[in-house]
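> sequence below, structure please.
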Amino acid sequence: MNVKYAVPLIVTGVVMLVLVLILLDYAQEKKGKALKNEKDRRIGDEVVATYVGGEITAGELRRYLNDFAMREGKHEVCTKHGSEHTQCSMDEDCENHPLDSVESYRMMLKKLVLEKMVNRWISEKGMASRKDASHRIKHLVEEINLESIAGEMHSDKLKPDKVEMRQYYEEHRDEFKDRSYDQVEKDIESRLTAKKQSEYIPKYIEELKANAVIEKNYDLLKVSEPTESEISAYYESHRKEYVQSEYLRVQTIRISASDEKAGREKAEKALSRLRAGEDFTAVASEFSDDKAAAAEVIERGRKSKEFEERVFRCYPGELTPVFKDGGSFNVVKVIERQGEKQKPLSEVKSNVKTALSLMRQQEKMKFNGTMALFSIHGKQFTVEQFQEEFNELTPEQQAQYSSFEARKNLLDQLIVRELLLEKNEDKGQTQKQRKEIDELKEQALQEMLHKEEVDEKLVVSEEEAKAFYEKRQAYMREPAKAKISIIRASFGSAQDERNRARKKLEEAQEKLKAGADFATVAREYSDDQSATGGGEVDRWIYEGKSHLGEYYEHEFHEEVFKLKTGQVGDIFEFSQNYWIVKVKENVPSQQMSFEEARPMIESYIKSSKHRSRMGEMQNELLEKSQLVIRDHVLSRNLRVESGLHQKERDLY
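Sure, this is the predicted structure:
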């Protein structure tokens, strides 16, 4: 072929091919849109999202939002932090504006689908059919049913009528003196209601027993009493169980952490006052939620890890820094410390006998596990079921039921519980109860899944902990501390009070400069309660152990830590007091060893891993769900909801 004609033909062919491809692509796109439109028509206009094996309608989403206490157009979604409100600052308006964007709805849809995927995971693992799960769920259901029964027993039908109340008033006029019936009506109603309930409940239970067919076999609970030689042999083979743990006698100031910032500031202020020499009991009466600081004994291993980490490193006379444990901020003073020691048999003989009896009981129960211990209307309850209930009691409660008579009493209590539950079953459950039971079942299984898939898999290796320590070693230091004696003169707002306090300490200072003993001068001049002890502060004063504490105490610390051991400082003013300080002992800031810092390091790493693992799991579940959110349906739903919110606002 002539080259002159070949080139145009090739170009024409390429153009035709491109046109064909464009037309095919257009046709494919058109077909895709058609399929999508067909799928949309098939799904329906109410479906806001689809995921593997299911779909979510606008109605379901609305109900989900309502369950999250979405009232009057307010919501719990933060545009910055999603549902993680612990990260929100006080000035963010995430609590106060309506679901006013498609993105807000998208976040709530993802949360809903995550819950569905978690429940599906629970189902795939067969957790609901496991013995431990079914037993836990059984108890949750029983608790709700028993609460329902208790509610009936405390219902209005047990309230006294007006005639009874008037009669009670007339019979007790001497007690009420000059108060009128109207003034004491509520009190009388409360008294008579309590009396009726106390009389009604035993009668109700006896009536249930009388109308029931009950068979019991107490003999299955009998075990032989341990002999002296058996008790001695058991003690010798279990000596490690009868060791007196290390313990402390402490005083504690507890301040609620419901308002994190205010609670910590209050606790730091209390600590500042204590470090300045004020009496612990006096400060506790002003700051502690329980207004008391009674001494309590704390054994090693009985409190939380955080509590023991902070408190057991202290010695008598020392104060802990402010720390959070559970729902409160704490400041603890150690009064006494006792090390670990072996308890003699004479001291623990009754405990050994109880433990031996319980062991024998366990063995007998296991041997007779399938035998019927009691039956109600032909429904049998086996020894194994009794033992399951018994094993859920605390060690202290189990010890109370170690004797045969006590176990018989426990069996009778279980029979009463079963009679009450049977009576409630006859009445049937309300819709509210069924919903509550379903929610509790779901929550219990989710907690079990979280424990197994997250908490139990969080491990901090020795290498990780040491690497963390090496990298941040500079920050892991015990602050400088000092033992001091003080002379304090307090004053109020008036200038003449300030002048008198200053003059008082100037006289004290003159005597000190003349060579007088500091303790003697403190007893004569100091307003502080430490004056009787020569001004000696019976604990360490720490520098900068917390940022907030240092904020309050910085000026005081500056005066203390510029002095060397044995030195007496000049007069200085701090917190409406004039002070003279003598440093008895001064210990500079020290590096914490790896072992000292390890509990804190492990807690931090586990917390970090927990957050990371939770994020990974959520992403994995969302990806697995193949979630498709239909934004155009969400937008339409948003317009409808916004219109409803506007109407509500217009009404008000």
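> show me what contacts the most centrally placed residue in the chain?
Nearest residue to the geometric centre of the chain (C-alpha atoms, centre = their mean): G326, 5.3 Å. Under the criterion of C-beta atoms under 8 Å, 6 or more residues apart in numbering, the neighbours of G326 are S304. C-beta here means a position set from N, CA and C on the backbone, and glycine is covered the same way.
> now it: how far from S593?
Between G326 and S593 the computed distance is 28 Å (C-beta to C-beta, to the nearest Å).
> low-confidence ranges, the stretch 451-600 of the chain, go.
Within the stretch 451-600 of the chain, the stretches with pLDDT under 70 are 544-552.
> following the helix or strand of the chain with the lowest mean pLDDT, which helix or strand comes up?
Lowest on mean pLDDT, DSSP states H and E among the helices and strands of the chain sits helix 3-43, with a mean of 55. Per DSSP states H and E, the first helix or strand lying C-terminal to helix 3-43 is strand 47-51.
> okay, now the closest residue to K343 other than its chain neighbours: neighbour count?
With C-beta to C-beta, 6 or more residues apart in numbering as the criterion, K343 has its nearest non-adjacent residue at 4.6 Å, and that residue is Y242. Using other C-beta atoms under 10 Å, Y242 has 16 neighbouring residues.
> report the contact partners of Y242.
Here Y242 is in contact with Y235, Q342, K343, L345, V348, N351, V352 (criterion: C-beta under 8 Å, 6+ apart).
> setting aside sequence neighbours, what's the nearest residue to the second one?
Same thing as Q342. Going by C-beta to C-beta, 6+ apart, Q342 has V243 as its nearest residue, at 5.7 Å.
> may I have the phi/psi pair for the one you found?
Here is the backbone geometry of V243 (degrees, to the nearest 10): phi -110, psi 130.
> likewise for the one 10 residues further on?
Dihedral pair for I253: phi -100, psi 120, per degrees, to the nearest 10.
> for R313, see how far away it is.
18 Å.
> now do the buried residues in stretch 334-344.
Of the residues in stretch 334-344, V334, I335 count as buried by neighbour count, 16 or more other C-beta atoms under 10 Å.
> and that stretch, end to end?
Using C-alpha to C-alpha, to the nearest Å, the end-to-end distance of stretch 334-344 comes to 27 Å.
> ditto for stretch 447-458
16 Å.
> centre of the chain to it, how far?
17 Å (C-alpha atoms, centre = their mean, to the nearest Å).
> identify each buried residue in it, please.
For stretch 447-458, by 16+ other C-beta under 10 Å, it's M448, L449.
> contacts only, for the residue nearest to Q342.
E340, K341, Q342, K343.
> remind me which residues of this structure are low pLDDT?
Ranges of the chain meeting pLDDT under 70: 1-44, 67-100, 128, 131-157, 424-434, 436-438, 440-441, 444, 544-552, 638-652.
> can you list the domain ranges for it.
Listed domain ranges for the chain are 1-43, 47-126+627-651, 246-337, 477-591 (source: automatic domain parsing).
> out of these, which is closest to E388?
Nearest of the domains of the chain to E388, taken as C-beta to C-beta: domain 47-126+627-651 at 20.4 Å.
> pull the residues that contact stretch 469-477.
S589, Q590, Q591, M592, F594, A597, R598, M600, I601.
> same question, stretch 401-413
With C-beta under 8 Å, 6+ apart, stretch 401-413 has contacts from 216, 218, 221-223, 354, 357-358, 361, 373-374, 386, 390, 393, 400.
> confirm A293 sits in a strand?
No. Counting by DSSP: H, G, I helix; E, B strand; the rest coil, A293 is not part of a strand but coil.
> in contact with it, which residues?
Q251, T252, I253, F280, T281, V283, A284, S285 are the contacts of A293 under C-beta under 8 Å, 6+ apart.
> excluding covalently adjacent residues, which one is nearest to it?
A284 (3.5 Å).
> these two touch, right, the one you found and A267?
No. Using C-beta atoms under 8 Å as the test, A284 is too far from A267 to be in contact (11.5 Å).
> ok, those two, which is more surrounded?
Applying other C-beta under 10 Å to A284 and A267 shows that A267 carries more neighbours, namely 28 against 23.
> which parts of the stretch 351-500 of the chain are helices?
Using DSSP state H, counting those that start in this stretch, the helices of the stretch 351-500 of the chain run over residues 383-391, 395-400, 404-427, 431-453, 462-471, 495-513.
> nearest to Y542, of these?
Among the helices of the stretch 351-500 of the chain, helix 462-471 comes nearest to Y542, with 21.8 Å by C-beta to C-beta.
> the closest one: how far from the chain's middle?
For helix 462-471, the distance to the chain centre is 29 Å (C-alpha atoms, centre = their mean).
> picking up where we left off before, confirm the residue nearest to A293 sits in a helix?
Yes. Residue state for A284 (three-state DSSP) corresponds to a helix.
> give the contact list for it.
Q251, I253, A270, K291, A292, A293.
> tell me how far the fourth one lies from V283.
In this view, K291 and V283 are 11 Å apart by C-beta to C-beta.
> ok, N119 next?
50 Å.
> these two: who's more crowded?
Per other C-beta under 10 Å, whichever of N119 and V283 has more neighbours is V283, with 22 against 15.
> any chance of a markdown table for the contacts of V243, columns distance to K159 and secondary structure?
Shown next, in a markdown table, are the contacts of V243 (distance: C-beta to C-beta, whole Å; DSSP: H, G, I helix; E, B strand; the rest coil):
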| residue | distance to K159 | secondary structure |
| --- | --- | --- |
| E340 | 57 | coil |
| K341 | 57 | strand |
| Q342 | 59 | strand |
| K343 | 54 | coil |
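> can I get the residues you listed in JSON lines including distance to Y247?
Formatted as JSON lines, the contacts of V243 follow (distance: C-beta to C-beta, whole Å):
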{"residue": "E340", "distance to Y247": "9"}
{"residue": "K341", "distance to Y247": "10"}
{"residue": "Q342", "distance to Y247": "15"}
{"residue": "K343", "distance to Y247": "13"}
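> what is the nearest of these to I541?
Checking these one by one against I541 (C-beta to C-beta), the nearest turns out to be E340, at 30.2 Å.
> was I right to think that closest one contacts S245?
Yes. E340 lies in contact with S245 (C-beta under 8 Å); the separation is 6.0 Å.
> please identify every residue contacting each of the two.
R300.
> re the thing from before, identify the farthest-apart pair in the contacts of A293.
Most distant of the contacts of A293, by C-beta to C-beta, are T252 and S285, 13.1 Å apart.
> between these two, tell me which one has more neighbours.
Neighbour totals were compared for T252 and S285, and T252 leads with 23 against 14 (other C-beta under 10 Å).
> which one is that one nearest to, not counting chain neighbours?
Per C-beta to C-beta, 6+ apart, closest to T252 is V332, 5.0 Å.
> that neighbour touches E309, doesn't it?
No. V332 is beyond contact range of E309, at 11.7 Å (criterion: C-beta under 8 Å).
> that older thread, more neighbours: I253 and R313, which one.
Using other C-beta under 10 Å, the more surrounded residue of I253 and R313 is I253, with 28 against 13.
> doesn't S328 make contact with that one?
No. The criterion here is C-beta under 8 Å, and I253 misses it with S328 at 9.3 Å.
> K564 contacts N586, correct?
Yes. K564 lies in contact with N586 (C-beta under 8 Å); the separation is 6.4 Å.
> okay, the two: which has more neighbours?
Set side by side, K564 and N586 show more neighbours around N586, with 18 against 8, by other C-beta under 10 Å.
> show me what contacts K582?
So K582 contacts I484, S485, I486, F518, G535, G566, Q567, V568, G569 (C-beta under 8 Å, 6+ apart).
> now E418. Nearest residue, chain neighbours left out?
I376 (5.7 Å).
> give me the neighbour count for that neighbour.
Other residues close to I376 by other C-beta under 10 Å number 19.
> same thing with L109?
That count, for L109 with other C-beta under 10 Å as the rule, works out to 21.
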